[in-house]
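A.B. asks: Sequence and predicted structure below; questions after.
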Amino acid sequence: MQRGKKYRALKEKVDSTKFFNIDQAVELAKSTSYTKFDGTLEISTKVNYKSLQNIRGTISLPHGTGKKVRVLVFCKGDKQNDAKNAGADFVGDMDLIEKVAGGWTDFDACVATPDMMKDVGKLGPILGRKGLMPKPKAGTVTNDVAKAVGELKAGRIEYRPDKGGVVHLGVGKVSFDNTKLVENIRTVVQTLMRDKPSDAKGDYLKTFSVSPTMGVGVKVDVKELVNTSV
């Protein structure tokens, strides 16, 4: 892919043959961001495990992602008041199911109580395609809708690897203090290592890099990062 002059000039700031510690990598990656808006700092890490479909979970970032998360909750009765009081943006039952069935997906996360899942499950072709389907393992199928909404609003994110085994996650805005970004990244590493399958062999995280939305990726010394984070 042909890169522009701005990118090529910024790339000269980063030694692509070198692996940096996480503090250096965050500072360097931020310095290469060239968006006119407040971009996101993203991490990419390759997971070493044979059954990628089993690698998934949730991470609660201590400083959030900096992104306003619009949460929809499918629930009935008193649970609707609980969801609204917790800050949910859209709350309803069959009315919302009909709206989503019509193709509306103007939200970022979805929570449902167990009694709603029979009907919510029918939205699989719509919600599943966008990664919005509520799941018990992700804590988004629950009767404690207030807790789920609060965690999602505070920066809880779901992770899973792509077909190549790489987990991509936004860990905060470029404008965040470096300390907050590093703490969010260390929390990601801690959670991935905590969730590591018991039969995983060798180095579980093979590579690790950080990059801004538009900018240059910076390689991280993954062994040092793991050893100093867990």
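C.D. replies: Perfect, I can see it now. Since the structure is predicted, the reported quantities are computational estimates derived from the model, not experimental observations.
A.B. asks: CA atoms only for the worst-scoring helix or strand of the chain on mean pLDDT, dumped as CSV, please.
C.D. replies: Scoring the helices and strands of the chain by mean pLDDT, DSSP states H and E places helix 5-11 at the bottom, with a mean of 74. Extracted C-alpha coordinates of helix 5-11, given in CSV (Å, rounded to 0.1, in the frame of the first residue of the first chain):
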residue,chain,number,x,y,z
LYS,A,5,4.5,11.9,2.6
LYS,A,6,3.4,12.6,6.2
TYR,A,7,3.3,9.0,7.1
ARG,A,8,6.7,8.3,5.5
ALA,A,9,8.3,11.3,7.4
LEU,A,10,6.9,10.1,10.7
LYS,A,11,8.0,6.5,10.1
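A.B. asks: which secondary structure elements does the helix or strand following it contact?
C.D. replies: Using DSSP states H and E, the next helix or strand after helix 5-11 towards the C-terminus is helix 22-31. For helix 22-31, the packing partners by 3 or more Cβ pairs under 8 Å, 6 or more residues apart in numbering; DSSP states H and E come out as strand 40-47, helix 178-194, strand 205-212, strand 218-219, helix 222-229. (Glycine included, C-beta is placed from N, CA and C.)
A.B. asks: For Ala101, which of the ones you listed is the nearest?
C.D. replies: Ala101 sits nearest to strand 40-47 of all the helices and strands packed on helix 22-31, at 31.1 Å, using Cβ to Cβ.
A.B. asks: what's downstream of the closest one, the next helix or strand?
C.D. replies: strand 57-60.
A.B. asks: Could you name the helices and strands sitting against that following strand?
C.D. replies: Under the contact rule (3+ Cβ pairs under 8 Å, 6+ apart), strand 57-60 is packed against strand 156-159, helix 178-194.
A.B. asks: That strand - what's its average pLDDT?
C.D. replies: What strand 57-60 shows for mean pLDDT is 90.
A.B. asks: which regions of this structure lie under the pLDDT threshold?
C.D. replies: 1-4 (pLDDT under 70).
A.B. asks: domains of it?
C.D. replies: 3-62+155-226, 69-152 (the TED database).
A.B. asks: Let's have those domains in TSV, adding mean neighbour count.
C.D. replies: Converted to TSV, the domains of the chain look like this (neighbours: other Cβ atoms under 10 Å):
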stretch	mean neighbour count
domain 3-62+155-226	17
domain 69-152	18
